[in-house]
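**Student:** got a predicted structure plus its sequence, pasted below:
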Amino acid sequence: MNFHNKKKFVSFLKFRRDFQQYGLKKARSYEIILHWLKKHLSRNQFLILSGILVGCTAGLAGVILKTFVHNIHHFITHEVHFEYQIIFYIVFPFLGIVLTAAIVIALFKGQDKKGIGAILYEIAQNSSIVSNVKMYSQVIQSAVTVGLGGSAGIESPIAVTGAAIGSNYARTYRLSYKERTLLLAAGATAGIASAFNAPIAGIMFAFEILLTGVVFTDFIPLVVAAVCGSLLSRILLQEDILFRFYTREPFNYYNVPYYLILGLLTGLYARYFVVVSQKVEHFIHGLQLSRLRKAMFGGAVLSLLCVLFPPLFGEGYDTVKDFTNGNINSVIDNSLFRYFEIKEWTVIVFLVLVCLLKAFATSFTIFSGGNGGNFAPSLFAGGSVGFLFAFICQTLGFSNVPVTNLILVGMAGAMSGVLYAPLTAIFLIAESSFGYDLFIPLMIVAVMSYLIAKWFAPISPELKNLADQGKIFTHKHDNNLLSSLQTKDFIDFNSQIINENSSLQKLYNLISNGRKNNFAVVDDENKLKGILSLDDIRPYLFNENQELNISKLVKVPEAVVHLNDQLVNIIQMFDDTDTWHLPVIDDEDKFIGFISKSAILTSYRQLLKDYSS
């Protein structure tokens, strides 16, 4: 061992001794090694290593979940005779939602925040700190829900799981907010990449959805995480589990009118899907039932839908693959429609009902107590709309209809309109179908659908409430910075107050014994009646009429801040009133303290400096 290697070895032993000495004696050996590497590697080198580790872990979680769900679906749909399948369709979806609700109540104490919105909230309001419970809770819940037939997708839970893995990894090694956010996004990226074996789509997902409004220049950890997740998916998953489509027609510019019409159809369908989702969510939340009974109700509705239309069972990817392979008869034979004579109108009615009811099946799955996301439902619905459109065109006598291409780009269109993520949708289908020559129709359909969705609602309805409350980041960067600050942190709870019936002498005593320039005038119940400043009092300081009441001097404040007001709105109040201090009251109009514009601006400047560094 040469001198240089001995020096490194001694350095490692010293680090290990110090590491154990300061309270982390129970740390796992690999954590000791990583702490040592963090100390000796450059920031970029350690972030790349971290991206690899987070990507592999999140990718493995995605592979395990996808394999579990696929095997259950394959057994029910391929190994069991149709008459027995009906029993599964009756029992399993109901059982999946009820069991998920019971697991949330029993194991996770009723904490069932799910979906991408919960992660966006943690990024904006909780310094990208995600509960370590989410590293496994989402996998368990979605495996039970979707594995037993819930009409939802596992991709959102996988993304949440990956985000939790990245966040907790960063916390373990005491990384900063920006680095923690980066690894959070890297984990989600790897999860999506493993679910679809589409690394570029995973990266687009991170940029389009998770990192909206977040300013940073590092992206290599995202790339390596996506590559690791996708490689694990490709190596470990069987061919029939992969989200892959091998058949398609070459792109012909003569078919552009088909894609323009399909872009309009998928955009309108995406809006329909979102509206139904909102209505069902409102309906279920309004039910005067316990959580478990809501799950039973939703499970019963879902089971009925799955019995009538088996393609609504689970993710539905196998059905879309049947569409692309021209096996519509096998899809219908696996439903009660098998008892009708299969003609053109039978297929059209069947597909129309499947498309319309998919929105209800997914909404009841998610909002009644199950766990899942809209990735798979939007892809399934888009593929069904594309196939329906192609089938109608063929029935009407049009020749050379690009059926497979319409299915593929229809998937991108519906996903773009439902998730407000056109780039993710475009690259996902391009990678999954090896259809890079389809970029033009993919862009036409995805962008049209996205613009139609934006025309109805500028912000994704799923995230609108959080955005309106300033709890997640948007494209307005200034508002994002302010939304990460909390109003209560800038309130002077030790502000000086005086009763409206007090004399001037008492006010003089308050001035001489205090250091404040502003005073709140309250009544006997501590409700705000007005404010005073030293400038207001100065003309009376040497007034011989000491019997003058405070009530004669008090003035109405230019504006009043409520405790729940957001800093964005408070800054606007300061600008509108041209003041530097405003009183804060609670819901009962009781005075809480003064808030200072200068304190907010100082914190804003520091935060801007931290983001820019």
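**Tutor:** Arrived safely. Numbers count the residues shown, from 1 in each chain.
**Student:** and the helices in the stretch 401-550 of the chain?
**Tutor:** 403-419, 422-433, 439-456, 461-468, 477-483, 504-513, 534-537 (DSSP state H, counting those that start in this stretch).
**Student:** packing partners for the very next helix or strand once past the shortest one?
**Tutor:** Taking DSSP states H and E as the definition, the helix or strand that follows helix 534-537 towards the C-terminus is strand 561-562. Using 3 or more CB pairs under 8 Å, 6 or more residues apart in numbering; DSSP states H and E, the elements in contact with strand 561-562 are strand 581-585. Where C-beta positions appear, they are placed from N, C-alpha and C, glycine not excepted.
**Student:** the strand it packs on: which residues count as buried?
**Tutor:** For strand 581-585, the neighbour count (16 or more other CB atoms under 10 Å) marks 581-585 as buried.
**Student:** give the pairing partners of it; include direction for each.
**Tutor:** Neighbouring strands of strand 581-585 in its sheet, by DSSP bridges, are strand 561-562 (parallel), strand 591-596 (antiparallel).
**Student:** any idea which of these gets closest to residue 265?
**Tutor:** Taking CB to CB, strand 561-562 is the member of these nearest to residue 265, at 45.6 Å.
**Student:** so how far is that closest one off the chain centroid?
**Tutor:** 29 Å (CA atoms, centre = their mean, to the nearest Å).
**Student:** that strand: what's the following helix or strand?
**Tutor:** helix 567-577.
**Student:** for that following helix, which residues meet the burial criterion?
**Tutor:** The neighbour-count check on helix 567-577 (16+ other CB under 10 Å) flags 567-568, 570-571, 573-574 as buried.
**Student:** likewise for stretch 203-216?
**Tutor:** 203-214.
**Student:** for it, list the C-alpha coordinates in CSV.
**Tutor:** Extracted C-alpha coordinates of stretch 203-216, given in CSV (Å, rounded to 0.1, in the frame of the first residue of the first chain):
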residue,chain,number,x,y,z
ILE,A,203,-37.4,13.7,-17.5
MET,A,204,-40.2,15.7,-19.3
PHE,A,205,-42.6,14.7,-16.4
ALA,A,206,-40.2,16.2,-13.9
PHE,A,207,-39.7,19.5,-15.8
GLU,A,208,-43.4,19.9,-16.8
ILE,A,209,-45.1,19.0,-13.6
LEU,A,210,-42.9,18.6,-10.6
LEU,A,211,-40.4,21.4,-11.1
THR,A,212,-42.8,24.1,-12.3
GLY,A,213,-41.5,27.4,-11.0
VAL,A,214,-38.4,25.9,-9.5
VAL,A,215,-35.2,27.5,-10.7
PHE,A,216,-32.1,25.4,-10.9
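**Student:** pull the number of nearby residues for residue 252.
**Tutor:** Residue 252 has 12 neighbours, counted by other CB atoms under 10 Å.
**Student:** now do the same contact list for it.
**Tutor:** 400, 402 (CB atoms under 8 Å, 6 or more residues apart in numbering).
**Student:** separation between it and residue 301?
**Tutor:** 43 Å (CB to CB, to the nearest Å).
**Student:** residues in contact with the residue positioned nearest the centre of the chain?
**Tutor:** Centroid-nearest residue in the chain, with CA atoms, centre = their mean: residue 116, separated by 1.4 Å. Going by CB under 8 Å, 6+ apart, residue 116 touches 156, 159-160, 209-210, 373, 462-463.
**Student:** picking that back up, closest to residue 378 out of the buried residues of helix 567-577?
**Tutor:** Distance to residue 378 across the buried residues of helix 567-577 (CB to CB) is lowest for residue 568, with 31.6 Å.
**Student:** can you give me the separation between the closest one and residue 350?
**Tutor:** Residue 568 is 50 Å from residue 350, by CB to CB.
**Student:** still on that earlier bit, relative to residue 103, which of the strands paired with strand 581-585 is closest?
**Tutor:** Minimum separation from residue 103 across the strands paired with strand 581-585 (CB to CB) falls at strand 561-562, 38.8 Å.
**Student:** neighbours of the closest residue to residue 557 other than its chain neighbours, how many?
**Tutor:** The shortest distance from residue 557 to any non-neighbouring residue, by CB to CB, 6 or more residues apart in numbering, is to residue 531 (4.9 Å). A count of neighbours around residue 531, defined by other CB under 10 Å, yields 23.
**Student:** what about residue 416, how many neighbours?
**Tutor:** Residues near residue 416, counting by other CB under 10 Å: 34.
**Student:** gap between it and residue 117?
**Tutor:** Residue 416 is 18 Å from residue 117, by CB to CB.
**Student:** one step back: Throw the buried residues of helix 567-577 into JSON lines and include pLDDT and distance to residue 428, thanks.
**Tutor:** Formatted as JSON lines, those follow (pLDDT from 0 to 100; distance: CB to CB, whole Å):
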{"residue": "567", "pLDDT": "77", "distance to residue 428": "37"}
{"residue": "568", "pLDDT": "77", "distance to residue 428": "34"}
{"residue": "570", "pLDDT": "83", "distance to residue 428": "41"}
{"residue": "571", "pLDDT": "81", "distance to residue 428": "39"}
{"residue": "573", "pLDDT": "85", "distance to residue 428": "44"}
{"residue": "574", "pLDDT": "82", "distance to residue 428": "45"}
